[in-house]
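1. sequence first, then the predicted structure:
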Amino acid sequence: MNTPRLIVTAILFAFAVNSPAADEKSDELKVLDRYIGNWDGQITMTTPEQKTATETSTNTWEIGGKYLQVKTASKLDDSQTMHLITYDAQKQTYRYYWFNSAGLTFNATGSWDQAAKTFTWEGQMENGITLKTTDHFIDDNTRDTHVVVKNGNGDNVFEVTVKFTKHKA
């Protein structure tokens, strides 16, 4: 075996030995379990104009239970989105990646407030647009989501609230 292959093999072995088992979730990942399931949303947009619509989402654990995958279909703009959410133990923060059917992407960092039962997500797109989302879990089957998107000047571009209800199993 040549030296470069030996080094790569050693690195991969060390990574495998020091990584938690695929079915072993950290406490931080367990917090994300509250998102799991199929949800129906009632959307109210207030900016740039008043509109209402519906949204559905299917939320599952993927990639060995390390990434929460959220797939949505919104009647607000007939779009589809996919989100990947995880906990980054090295950076000690939640990570959120968002992709939509119009080709837009976004990533954010987040924090969990156990007392308030609320996730807060904040990030910035390449064009200077910022996004802040809060997900408040009222109970195991209900959550309120509030999204505010601002331009580089700090003006609201888009503001929406969604009341989600989980499908009964």
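-> Received it, and whenever you're ready, just let me know what you need. Numbers count the residues shown, from 1 in each chain.
2. could you list the low-pLDDT ranges of the chain?
-> For the chain, the stretches flagged by pLDDT under 70 are 1-23, 169.
3. mind listing the strands for it?
-> Secondary structure of the chain (DSSP state E): strands at 37-47, 51-62, 67-74, 79-88, 93-100, 105-113, 118-124, 130-139, 142-150, 156-166.
4. how about those strands in CSV, adding distance to residue 25 and mean neighbour count?
-> No exception for glycine: its C-beta is placed from N, CA and C like everyone else's. Output for these, formatted as CSV (distance: least, CB to CB, whole Å; neighbours: other CB atoms under 10 Å):
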stretch, distance to residue 25, mean neighbour count
strand 37-47, 17, 16
strand 51-62, 9, 15
strand 67-74, 11, 18
strand 79-88, 9, 17
strand 93-100, 14, 18
strand 105-113, 14, 16
strand 118-124, 17, 18
strand 130-139, 18, 16
strand 142-150, 20, 17
strand 156-166, 20, 17
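5. looking at those, which is closest to residue 27?
-> Nearest to residue 27, of all the strands of the chain, is strand 79-88, at 9.0 Å by CB to CB.
6. which other residues reach that closest one?
-> Strand 79-88 has contacts (CB atoms under 8 Å, 6 or more residues apart in numbering) with 26, 28-29, 31-32, 35, 62, 66-74, 93-102, 110.
7. same check, this time on stretch 105-114
-> Contacts of stretch 105-114 (CB under 8 Å, 6+ apart): 28, 31, 85, 91, 93-99, 118-123, 125, 131, 133.
8. do stretch 124-138 as well
-> Among residues not part of stretch 124-138, those counted as contacts by CB under 8 Å, 6+ apart are 34-35, 104-106, 108, 116-123, 143-152, 157.
9. start and end of it, how far apart?
-> By CA to CA, to the nearest Å, the extent of stretch 124-138 from end to end equals 27 Å.
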